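Asker: Here's a sequence, model it:
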Amino acid sequence: MISNQILQNTIDGLKSITKIDINVMDIEGKVLASTEENKEDYNSAVVSFVASQAESQLVQGYHFFKIFDDLQVEFVISVKGDGEEVYKVGKIASFQIQNLLVAYKERFDKDNFVKNLLLDNLLLVDIYNRSKKLHIETEVKRVVYIVETKLEKDNNVLETVRSIFPAKSKDFITAVDERNIILVKELKDNDGYEEIEKTAKVILDTLNSEVMSNVYIAFGTVVNDIKDVSRSYKEARMALEVGKIFYSDRYVIGYNNLGIGRLIYQLPIPLCKMFIKEIFDGKTPDQFDEETITTINKFFENSLNVSETSRQLYIHRNTLVYRLDKLQKTTGLDLRVFEDAITFKIALMVVKYMNHMDYMNY
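Answerer: Take a look at the predicted model:
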């Protein structure tokens with residue numbers, strides 16, 4: 001449960017203070033962390049010590065100590081020397097690692113609880129019972145963030161996200177799969193979506209600068225009871241997916257700000273195909289040439305303003321009008337007419353959604 005690196009850092013710190021060598025071993029005598037350059041083999045001595053009733057023992061110039069987890073020996077510590085001071089250092093090291101074990105176990109229990117909570121694997125009565133046992137408040141404002149990394153098993157991202165939020169905070173940070181890091185954030189009473197988005201941008205900027213990792217961050221809606229955390233998580237998942245389909249230039253997206261993309265995402269594919277056939281009569285926008293696509297996108301960016309669009313495209317106004325007329329003959333839609341422009345814009349989004357679903361099912 002505790003990584004070897006954490007154990008190593010702990011005993012390195014103790015040695016720097018006491019100048020006494022310390023080893024941490026498993027119950028079979030395998031050395032997990034050590035401050036000695038030339039580690040000796042104490043496998044048989046450790047196995048005998050673990051089998052004995054003694055909690056500490058002096059063996060071949062080393063003090064041995066047991067570290068317990070639920071009455072079972074988890075680690076054995078050996079401290080070099082046989083004096084009273086060495087014994088005290090061994091007791092201090094044992095106490096320190098014992099506390100680390102308890103703290104990590106509590107975090108592991110909370111981590112498991114939060115994962116099962118997010119995935120809807122708990123009965124309602126279990127949610128409240130386990131919350132009480134783990135000292136987790138139930139009626140508190142919370143929101144769920146998902147941080148999606150491009151690389152699988154990117155532990156640097158996970159640790160960086162954890163470093164942003166204090167260890168003693170009431171927020172929970174975990175991972176439910178190889179690429180997604182989940183943050184269940186407790187909110188203040190007056191926190192709204194503006195503060196929630198600011199937090200997401202802090203995470204994004206920190207990861208971009210410290211880990212040099214490109215990520216997408218999505219968040220769900222605010223919930224007031226722990227039983228509803230899974231709903232906020234599902235909303236964040238949908239926001240992440242919808243954002244990547246329709247708003248790929250945005251790296252932070254909230255479920256409360258998905259607009260028409262949320263509606264299109266929930267449409268059945270047969271209905272989408274029927275709509276596209278009705279609008280384009282078999283020819284879809286992704287079959288248009290690059291010049292036409294560029295013209296359409298720039299026209300929408302400039303709110304259907306012909307003069308501004310032609311200026312930004314570095315073409316004569318009449319050239320733009322000619323292109324729009326040509327598009328109208330092809331599709332029957334005049335983008336200069338607001339109703340036709342709305343229909344065309346929705347159709348473009350529907351095509352994006354269909355292409356995404358085809359890719360996912362490929």
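Asker: hey, let's count contacts and neighbours off CA atoms from now on
Answerer: OK.
Asker: which stretches of this structure have low pLDDT?
Answerer: 1, 39-40, 106-107, 151-155, 167-168, 212, 282-284, 286, 361-362 (pLDDT under 70).
Asker: can you list the domains in it?
Answerer: 4-97, 124-262, 267-360 (automatic domain parsing).
Asker: Can you show me the helices along the stretch 151-300 of the chain?
Answerer: Using DSSP state H, counting those that start in this stretch, the helices of the stretch 151-300 of the chain run over 155-164, 193-206, 229-246, 260-265, 269-280, 290-301.
Asker: Of all those helices, which one is nearest residue 221?
Answerer: Nearest to residue 221 among these is helix 229-246; the distance by Cα to Cα comes to 5.4 Å.
Asker: quick one on the thing from earlier: right, and the domains of the chain - which one's nearest residue 105?
Answerer: Closest among the domains of the chain, once you apply Cα to Cα, is domain 4-97, at 9.2 Å.
Asker: How far does the closest one stretch from one end to the other?
Answerer: Taking Cα to Cα, to the nearest Å, domain 4-97 runs 12 Å from one end to the other.
Asker: sorry, back to before: want to try CSV for the domains of the chain, with mean neighbour count and distance to residue 110 as columns?
Answerer: CSV is the format used below for those (neighbours: other Cα atoms under 10 Å; distance: least, Cα to Cα, whole Å):
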stretch, mean neighbour count, distance to residue 110
domain 4-97, 17, 17
domain 124-262, 17, 7
domain 267-360, 15, 34
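Asker: Turn these into JSON lines, including distance to residue 114.
Answerer: Shown next, in JSON lines, are these (distance: least, Cα to Cα, whole Å):
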{"stretch": "domain 4-97", "distance to residue 114": "23"}
{"stretch": "domain 124-262", "distance to residue 114": "7"}
{"stretch": "domain 267-360", "distance to residue 114": "29"}
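Asker: Tell me which of these sits nearest to residue 117.
Answerer: domain 124-262 (6.2 Å).
Asker: Spit out the contact partners of residue 174.
Answerer: By Cα atoms under 8 Å, 6 or more residues apart in numbering, the contact set of residue 174 is 111, 114-115, 158, 181-183.
Asker: of the helices of the stretch 151-300 of the chain, which approaches residue 355 most closely?
Answerer: Taking the helices of the stretch 151-300 of the chain one by one with Cα to Cα, helix 229-246 is closest: 9.3 Å.
Asker: Could you list the residues in contact with that closest one?
Answerer: Residues outside helix 229-246 that contact it (Cα under 8 Å, 6+ apart) are 117-120, 142-146, 184, 216-223, 250, 253-255, 258, 261-262, 265, 349, 352-353, 356.
Asker: partners of residue 147 in the sheet?
Answerer: For residue 147, the beta-bridge partners under DSSP bridges are residue 181, residue 217.
Asker: Would you reformat the helices of the stretch 151-300 of the chain as CSV and include distance to residue 28?
Answerer: Output for those, formatted as CSV (distance: least, Cα to Cα, whole Å):
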stretch, distance to residue 28
helix 155-164, 29
helix 193-206, 42
helix 229-246, 42
helix 260-265, 55
helix 269-280, 59
helix 290-301, 67
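Asker: quick check: angle from the lengthiest helix in the chain to helix 229-246?
Answerer: As assigned by DSSP state H, the longest helix anywhere in the chain is helix 84-118. Between helix 84-118 and helix 229-246, the angle comes out at 70 degrees (axes from the mean of the first three to the mean of the last three Cα atoms, to 10 degrees).
Asker: Would you agree residue 189 is in contact with residue 141?
Answerer: Yes: between residue 189 and residue 141 there is a contact at 7.1 Å, judged by Cα atoms under 8 Å.
Asker: how much distance is there from stretch 191-204 to the middle of the chain?
Answerer: Relative to its chain's centre, stretch 191-204 lies at 15 Å (Cα atoms, centre = their mean, to the nearest Å).
Asker: ok, and what's touching it?
Answerer: Stretch 191-204 is contacted from outside by 145, 161, 164, 215-218, 251-252, 254, using Cα under 8 Å, 6+ apart.
Asker: Name the nearest of the residues you listed relative to residue 298.
Answerer: Nearest to residue 298 among these, counting by Cα to Cα, is residue 251 at 21.4 Å.
Asker: in terms of contact, does that closest one touch residue 217 like I think?
Answerer: Yes: using Cα under 8 Å, residue 251 makes contact with residue 217 at a distance of 6.1 Å.
Asker: picking up where we left off before, closest to residue 100 among the contacts of residue 174?
Answerer: Among those, and counting by Cα to Cα, the member closest to residue 100 is residue 111, at 16.0 Å.
Asker: burial measure for the closest one, as a count.
Answerer: 17 (other Cα atoms under 10 Å).
Asker: who are the neighbours in contact with it?
Answerer: 172-174.
Asker: Next one: it relative to residue 131, how far apart?
Answerer: Relative to residue 131, and taking Cα to Cα, residue 111 is found at 12 Å.
Asker: now do residue 22
Answerer: Residue 22 sits 38 Å away from residue 131, going by Cα to Cα.
Asker: and if you look at residue 181?
Answerer: Counting by Cα to Cα, the separation of residue 181 from residue 131 is 21 Å.
Asker: can you check residue 52 too?
Answerer: Counting by Cα to Cα, the gap from residue 52 to residue 131 is 38 Å.
Asker: cool, residue 359 as well?
Answerer: 41 Å.
Asker: Residue 51 too?
Answerer: 37 Å.
Asker: Same check on residue 147?
Answerer: On the measure of Cα to Cα, residue 147 and residue 131 end up 25 Å apart.
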